[in-house]
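Q: Let's see this in three dimensions:
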Amino acid sequence: MCLVTQIALQTKITHTKQNKESTRGKLKYQGKLTHKASYRKSIIFNTIIVVIIAITPYLFQLYEYVPQTEEWNTPFFSIDKREYDDVQILVWISLNKAIPLLLMIIWFFTCSKWWYHVILIPMFMFGFQLFTAINDKSSILDVVEIYWLIPVMMIIIPFVYLIRIKLMDKLVHGIDLKKIDAELEEYERKEKEQQNLTTQE
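A: Numbering: from 1, shown residues only. Take a look at the predicted model:
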């Protein structure tokens, strides 16, 4: 009887190990599938980014295909010269602002550094300059945009500095504010328990 019980227990343990191993194998396989899918998405996304960056010199040269006239009519849109001599100059100036803005946007969304919020400052600068270049009422370029940046800088620079301080405290000085808060809460909890015990006595 004892021998039969031992054999039954041994087979049960063996089947349990096999079930665990098959479950682990399934989980590893599913993990590989999700990893492959995310890897493919990453490859596609990065390829698109690389292609966009690689064709920016050609995008800039698109102004050469714009006629040197006062108005340019296409089936999709029409552009007038605004404050410039002709439409080609307007497109050239706009592309001078739009291409760096595009590159800054790509850099902002793909940067993994802690200071990436600072990239917003030149992004806003190029955005303001592009808006001024295509605006009907502006006759002066690249002069007042720096003053428009002051409010943006007043928000972004302190924000980035706070991030830097938190990182310095955590990584360099080893100060973890969450741990300190947890320790203080634990201390307060123990203090309240002690007060409850003394009031009950």
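
Q: surely Pro100 meets Phe126?
A: Yes: between Pro100 and Phe126 there is a contact at 5.1 Å, judged by C-beta atoms under 8 Å. C-beta coordinates here come from the backbone N, C-alpha and C atoms, glycine included.

Q: show me where the protein has strands.
A: Counting by DSSP state E, the chain has strands at residues 71-73, 78-80.

Q: so how far is Ile99 from Leu62?
A: From Leu62 across to Ile99, the span is 10 Å (C-beta to C-beta, to the nearest Å).

Q: Counting neighbours, go ahead and name the busier of those two.
A: Ile99 (17 against 12; other C-beta atoms under 10 Å).

Q: So the more buried one sits against Thr56, correct?
A: Yes: using C-beta under 8 Å, Ile99 and Thr56 qualify as a contacting pair, with a distance of 5.4 Å.

Q: Kindly report the domain assignment for the protein.
A: Described in terms of the TED database, the domain architecture of the chain consists of the residue ranges 1-52, 66-200.

Q: Mean neighbour count, the ones you listed: which tops it?
A: Highest mean neighbour count among the domains of the chain (mean count of other C-beta atoms under 10 Å): domain 66-200, with a mean of 13.

Q: rewinding a little: between the strands of the chain, which gets the lowest average pLDDT?
A: Summarising mean pLDDT across those, the least confident stretch is strand 78-80, with a mean of 76.

Q: Just the residues contacting that strand, thanks.
A: Contact partners of strand 78-80, identified using C-beta atoms under 8 Å, 6 or more residues apart in numbering, comprise Glu70, Glu71, Trp72, Val87, Leu90, Val91.

Q: Now tabulate those residues in JSON lines and tack on distance to Phe159.
A: Converted to JSON lines, the contacts of strand 78-80 look like this (distance: C-beta to C-beta, whole Å):
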{"residue": "Glu70", "distance to Phe159": "45"}
{"residue": "Glu71", "distance to Phe159": "44"}
{"residue": "Trp72", "distance to Phe159": "42"}
{"residue": "Val87", "distance to Phe159": "40"}
{"residue": "Leu90", "distance to Phe159": "36"}
{"residue": "Val91", "distance to Phe159": "36"}
